[in-house]
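Novice: just the structure for this:
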Amino acid sequence: MAIGLENSGFSDALVVLGAAGLVIPAFARFRISPVIGFILVGALVGPAGLGSLSAAFPWLYYVTISNPDAIEPFAEFGIVLLLFSIGLELSFRRLWTMRQLVFGTGAAELLGSAALIATALHLLGQPWQGAAGLGLALSLSSTALVLPLVGTTSPVGRGAFAMLLFEDLALVPIIFALGAMAPTASDEGWSGIAGVALRGGLTVVAMYVGGRFVLPRLFAQAARTKSPELFLAASLLVVIVASVATTAAGLSPIVGALLAGLLIAETEYHSEVEVITKPFQGLALGVFLITVGMSLDLRLILANWASLLLAVVGVVLVKAVVTALLLRVGNTRRGVAAETGLLMGSPSETTLIVLATAAQARLILPSTASFWQTVTAIGLTITPLLAALGRRVSRRLERQNAPEQLPNGEDRTIIIGFGRVGELIADMLSRHDRPYLAVEADIDAVTRARAAGHSVVFGDIVRRELVDRLDLGTAPMLILTMDDPVLTVRLTRQVRAQFPDLPIIARARDPGHAAELYRAGVTDAVPETLESSLQLSEAVLVELGTAMGPVIASIHEKREELRNDIRAEAKMSRDPRIRRIRSRSEVEAAASS
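Specialist: Now for the predicted structure:
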């Protein structure tokens with residue numbers, strides 16, 4: 001049976017897929033989070049946007065979402081797949097080590113934020129039952145948006161994930177608690193919470209025990225078929241069955257998805273499962289963000305902008321302060337605590353569920369629920385902006401509190417940038433007893449390097465006063481390893497103007513960047529892609545059966561061509577130093593001669 005454009009599901013699918021194909025590349029080009037793009041698309045094509053004009057302009061039917069309720073299940077599936085992918089990156093051992101952060105800091109953050117928000121709303125005239133429901137709803141933060149922004153392994157990501165995990169576990173008890181607080185409720189509501197806890201615990205244990213035996217055999221059979229389709233079907237089957245099981249037990253489906261990911265992470269198939277389900281997760285998450293945008297009514301926002309702005313700022317401020325203070329009590333650095341607090345400041349997609357439950361239980365009026373749903377949608381929209389603000393605040397706080405005392409000592413090589421290249425250079429200098437001092441702008445990298453025994457200080461080389469404090473006049477050499485071509489050239493010009501005789505060795509991205517660095521004044525520029533590409537070409541030609549002599553001759557010719565190109569582009573009077581990495585036998589022969 002043919003499907004025409006008049007079919008709402010077909011036309012809505014075209015809009016969603018078209019948005020994914022346009023939004024992601026367009027916003028990536030301008031280095032803006034696609035999250036904002038998807039939400040803006042939802043606001044534009046939703047029933048409160050262009051969709052409201054489809055009656056007057058029928059052609060808008062084909063470029064707008066005509067049936068928002070039909071795509072909501074796909075949005076929910078996106079969140080389920082997100083939690084599943086997070087589970088794939090974790091392990092039960094790591095979760096056990098995080099138990100204090102999850103059930104300590106996570107519980108304190110949720111309850112502390114809820115108490116402050118509820119108190120403020122009660123003082124503004126909201127009955128205490130409704131205020132409690134709103135406080136619990138608004139204290140939740142968005143797993144779907146926060147974790148893709150920071151991951152689960154960074155200092156910010158670890159703290160955020162622990163608190164988000166507790167919130168996901170607490171979602172169903174919160175819903176039952178709101179039902180128990182309803183005016184028509186009885187004591188059965190609280191016994192229901194206990195029943196859910198018991199059934200949920202038994203279900204999780206059964207899934208854990210059964211999964212340890214079933215999943216390895218299931219994926220082994222799928223792997224033997226060498227069929228990617230069957231492997232994908234098995235992966236999605238596990239996610240769906242786990243989500244249905246926890247839902248039947250009264251828990252949230254995302255708990256089942258997380259547990260499924262954890263179980264698969266313990267097998268040797270987790271990498272393949274992660275790769276094969278990644279496209280589905282990204283697309284479904286995009287659908288969820290579009291549904292968030294569709295809940296934004298720009299006319300309503302403009303009509304009530306003052307009260308909405310006050311509500312959004314108030315919620316973000318309370319949650320950010322509570323989160324940051326709790327992390328500081330746990331000895332988290334000030335910068336990380338501030339960034340995590342701002343990132344966790346906005347409400348969550350699950351806030352909408354709790355608001356609907358509170359309205360159904362008659363704890364709040366439908367108009368009140370509608371107002372706070374708009375606040376939630378705005379908060380979700382600004383989450384990437386809060387993340388960017390948090391990074392800026394974190395960097396500023398770390399600069400203020402990082403030890404800027406530079407160690408005393410002369411005749412030491414200065415290394416700017418301590419990533420993989422800078423660390424390797426430092427290791428080689430240490431091996432030959434050459435003193436060095438490295439400067440790095442990433443405080444986490446500095447902390448790890450110091451713990452490993454490296455001589456590294458925190459500092460942002462963009463600040464001119466830091467260059468002055470490095471005392472480059474006594475340094476035998478300056479090495480630039482930053483992965484920022486523009487900054488490398490600018491710093492080279494600045495240092496060369498101050499220290500005409502200082503040898504400067506710089507990491508170049510390619511031969512064109514190397515020529516630019518030579519014009520700026522470096523002593524030597526090393527294109528990181530050049531020698532590796534030549535060595536790879538040599539290995540390929542030899543493996544294909546080409547004689548070693550002609551291969552080496554052609555490699556030398558190509559190197560000479562690149563050397564001449566750099567020399568011509570940089571207008572140099574000498575040849576740039578581009579050398580082939582010699583084999584051990586060549587080195588020994590040169591040493592013996």
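
Novice: can you list the weak-confidence ranges in the stretch 201-350 of the chain?
Specialist: Applying pLDDT under 70 to the stretch 201-350 of the chain flags residues 251-252, 282.

Novice: let me see the ranges of the helices in it.
Specialist: Ranges of helices within the stretch 201-350 of the chain are 228-248, 253-265, 270-294, 298-303, 305-329, 334-343, 349-360, based on DSSP state H, counting those that start in this stretch.

Novice: closest one to Ile175 among those helices?
Specialist: helix 349-360 (5.0 Å; Cβ to Cβ). Where you see a C-beta, it was placed from the backbone N, CA and C, and this is true even at glycine.

Novice: so for that closest one, what gets flagged as buried?
Specialist: In terms of neighbour count (16 or more other Cβ atoms under 10 Å), helix 349-360 has its buried residues at Glu349, Thr350, Thr351, Leu352, Ile353, Val354, Leu355, Thr357, Ala358, Ala359.

Novice: counting contacts, what elements does that helix pack onto?
Specialist: helix 128-138, helix 143-150, helix 155-180, helix 366-381 (3 or more Cβ pairs under 8 Å, 6 or more residues apart in numbering; DSSP states H and E).

Novice: buried deepest among these, which one?
Specialist: helix 128-138 (a mean of 25; mean count of other Cβ atoms under 10 Å).

Novice: how far away is the closest residue to Val41 other than its chain neighbours from Pro148?
Specialist: Residue nearest to Val41 in three dimensions, not counting chain neighbours: Ala19, with 4.5 Å by Cβ to Cβ, 6 or more residues apart in numbering. According to Cβ to Cβ, to the nearest Å, Ala19 stands 17 Å off from Pro148.

Novice: poorly predicted segments of the stretch 351-500 of the chain, please.
Specialist: In the stretch 351-500 of the chain, residues with pLDDT under 70: 398-410, 463-465.

Novice: so where do the helices sit in it?
Specialist: Remark: helices assigned in the stretch 351-500 of the chain by DSSP H, counting those that start in this stretch are 366-381, 383-401, 420-431, 443-451, 464-469, 485-498.

Novice: so which elements touch the longest one?
Specialist: So that's helix 383-401. Partner elements for helix 383-401 (3+ Cβ pairs under 8 Å, 6+ apart): helix 34-45, helix 143-150, helix 334-343.

Novice: so which of the helices of the stretch 201-350 of the chain gets nearest Val41?
Specialist: Here helix 270-294 is closest among the helices of the stretch 201-350 of the chain (Cβ to Cβ), at 5.9 Å.

Novice: pipe the helices and strands packed on helix 383-401 into TSV and attach distance to Val318 per row.
Specialist: Below are the helices and strands packed on helix 383-401 laid out as TSV (distance: least, Cβ to Cβ, whole Å):
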stretch	distance to Val318
helix 34-45	23
helix 143-150	17
helix 334-343	10
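
Novice: how about those, which one is nearest Met207?
Specialist: The nearest among the helices and strands packed on helix 383-401, by Cβ to Cβ, is helix 143-150 at 20.1 Å.

Novice: helices or strands up against the closest one?
Specialist: Using 3+ Cβ pairs under 8 Å, 6+ apart, helix 143-150 sits against helix 34-45, helix 68-88, helix 155-180, helix 270-294, helix 334-343, helix 349-360, helix 383-401.

Novice: I'd like those helices as a markdown table, with distance to Arg509 appended.
Specialist: Putting these into a markdown table (distance: least, Cβ to Cβ, whole Å) gives the following:
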| stretch | distance to Arg509 |
| --- | --- |
| helix 34-45 | 26 |
| helix 68-88 | 32 |
| helix 155-180 | 28 |
| helix 270-294 | 28 |
| helix 334-343 | 29 |
| helix 349-360 | 40 |
| helix 383-401 | 24 |
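
Novice: out of the ones you listed, flag the one nearest Val467.
Specialist: The nearest among the helices and strands packed on helix 143-150, by Cβ to Cβ, is helix 383-401 at 15.2 Å.

Novice: what's near enough to touch Leu147?
Specialist: Shown in contact with Leu147 (Cβ atoms under 8 Å, 6 or more residues apart in numbering): Leu82, Ile86, Gly157, Ala160, Phe161, Leu164.

Novice: name the element the residue nearest to Val41 belongs to?
Specialist: Ala19 is part of helix 8-29 when elements are defined by DSSP states H and E.

Novice: since we're on Arg93, how many residues are nearby?
Specialist: By other Cβ atoms under 10 Å, 9 other residues sit near Arg93.

Novice: pLDDT score for the closest residue to Lys278 other than its chain neighbours?
Specialist: In space, and not counting its chain neighbours, Lys278 is closest to Ser85: 7.2 Å by Cβ to Cβ, 6+ apart. Ser85 is assigned a pLDDT of 76 by the prediction.

Novice: hang on, the earlier thing: how about JSON lines for the helices of the stretch 201-350 of the chain, with distance to Arg395 added?
Specialist: Output for the helices of the stretch 201-350 of the chain, formatted as JSON lines (distance: least, Cβ to Cβ, whole Å):
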{"stretch": "helix 228-248", "distance to Arg395": "38"}
{"stretch": "helix 253-265", "distance to Arg395": "32"}
{"stretch": "helix 270-294", "distance to Arg395": "27"}
{"stretch": "helix 298-303", "distance to Arg395": "32"}
{"stretch": "helix 305-329", "distance to Arg395": "15"}
{"stretch": "helix 334-343", "distance to Arg395": "7"}
{"stretch": "helix 349-360", "distance to Arg395": "29"}
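
Novice: mind checking those for the one nearest to Asp460?
Specialist: helix 334-343 (13.0 Å).

Novice: I figured Gly51 hits Leu60, correct?
Specialist: Yes: here Gly51 reaches Leu60: they are 7.2 Å apart, a contact under Cβ atoms under 8 Å.

Novice: more neighbours, those two?
Specialist: Gly51 (20 against 17).

Novice: tell me the contacts of Glu109?
Specialist: Ser139, Met163, Phe166, Lys319, Val322, Thr323, Leu326, Met344.

Novice: against Trp128, how distant is the fifth one?
Specialist: If I follow you right, that is Val322. From Val322 to Trp128 the distance is 20 Å (Cβ to Cβ).

Novice: likewise the second one?
Specialist: Per Cβ to Cβ, Met163 is found 25 Å from Trp128.

Novice: likewise for the first one?
Specialist: With distances taken as Cβ to Cβ, Ser139 is found 16 Å from Trp128.

Novice: spit out the contact partners of the nearest residue to Ile378 once chain neighbours are set aside.
Specialist: Computed as Cβ to Cβ, 6+ apart, the closest residue to Ile378 that is not its neighbour in sequence is Val312, at 5.4 Å. Residues near Val312 by Cβ under 8 Å, 6+ apart: Ser346, Val375, Ile378, Gly379, Ile382.

Novice: so the second one makes contact with Leu309?
Specialist: Just to be clear, that refers to Val375. No: counting by Cβ under 8 Å, Val375 does not reach Leu309; the two are 9.6 Å apart.
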